[in-house]
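> Show me how the following folds:
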Amino acid sequence: MRLTILAVLLLAGWDLLGGADAAPLPGTDPDWPCMQLLVPQVSAGSYWDGPAAAKPNWRDDEALFGLVTEIVDRNTPEKDAVAKLEAYADAIPKADRDKALPALFGAIVDQTNDERERLIARIKELGLRQRRMGDRIADLGTEVDHLPAGDPHRADVTGERDLDIQAFQATQSTMRYACEVPGAMERRLGDFARVLQKKLKG
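Numbering: from 1, shown residues only. Below is the predicted model of the structure:
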């Protein structure tokens, strides 16, 4: 029975969550539960052709802070974020764009890293809960195996195990979606860079 339970967990992705005997790949974060490579922070240089340093006090600029937080927010559709970014850039005199647009992109990178850091921490917490749940399910499976068929407690333990498996599988669906979000944020950041660099050249 334990092999059957482990097979269920493996199909649900427990091997990706660091099951009992799983070992992290060299150079990877052992607490990262996703197949996708963990990139703890993104750098402006990966997207921006030239320096893109944010002003240390960009969050003190009410208009800039409002723009950056809104377009980085994943609840803002990308087409709306791009439109707001273009409108903001168009309002900057061309003579000032050489300084203003790199600083704007640097602020976007700062905010993106802040958002990704919080997201990555939540994903790790979710992965830890899944690992613990996987171990609990395996232990319950072992307990069922050692209970006589006629033992009334066997049905209770079996029911508890099955409910835990359902919960594990439901959470795993959430996990798979969450694991895709950091990469999606990186792609979105690249789109913002292209918009601003086009404005810079234009």
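> Which residue ranges of this protein form helices?
Using DSSP state H, the helices found in the chain span residues 2-12, 62-72, 78-90, 97-145, 152-201.
> Could you check the angle the last one makes with helix 78-90?
Direction vectors for helix 152-201 and helix 78-90, defined by axes from the mean of the first three to the mean of the last three C-alpha atoms, to 10 degrees, enclose an angle of 30 degrees.
> Begin at 25 from now on, thanks
With the count now opening at 25, the last piece we talked about shows up as helix 176-225.
> per-residue pLDDT, residue 179?
If you check residue 179, the pLDDT there is 89.
> What of residue 225?
Turning to residue 225, the model gives it a pLDDT of 80.
> returning to that earlier point: turn the helices of the chain into JSON lines, including mean neighbour count and distance to residue 69.
C-beta coordinates here come from the backbone N, C-alpha and C atoms, glycine included. Shown next, in JSON lines, are the helices of the chain (neighbours: other C-beta atoms under 10 Å; distance: least, C-beta to C-beta, whole Å):
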{"stretch": "helix 26-36", "mean neighbour count": "16", "distance to residue 69": "38"}
{"stretch": "helix 86-96", "mean neighbour count": "17", "distance to residue 69": "18"}
{"stretch": "helix 102-114", "mean neighbour count": "15", "distance to residue 69": "20"}
{"stretch": "helix 121-169", "mean neighbour count": "18", "distance to residue 69": "9"}
{"stretch": "helix 176-225", "mean neighbour count": "16", "distance to residue 69": "10"}
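> Least confident of those helices, on average?
It's helix 26-36: among those, that one has the lowest mean pLDDT, namely a mean of 47.
> can you tell me how far the residue located most distally from the centre of the chain sits from residue 184?
The outermost residue of the chain relative to its centre, with distances by C-alpha atoms, centre = their mean, is residue 174 at 46.4 Å. To residue 184, residue 174 is 18 Å away according to C-beta to C-beta, to the nearest Å.
> Return the residues in contact with the closest residue to residue 95 other than its chain neighbours.
Distances taken as C-beta to C-beta, 6 or more residues apart in numbering place residue 105 nearest to residue 95, at 3.8 Å, with adjacent residues excluded. When contacts are counted by C-beta atoms under 8 Å, 6 or more residues apart in numbering, residue 105 touches 94-96, 212, 216.
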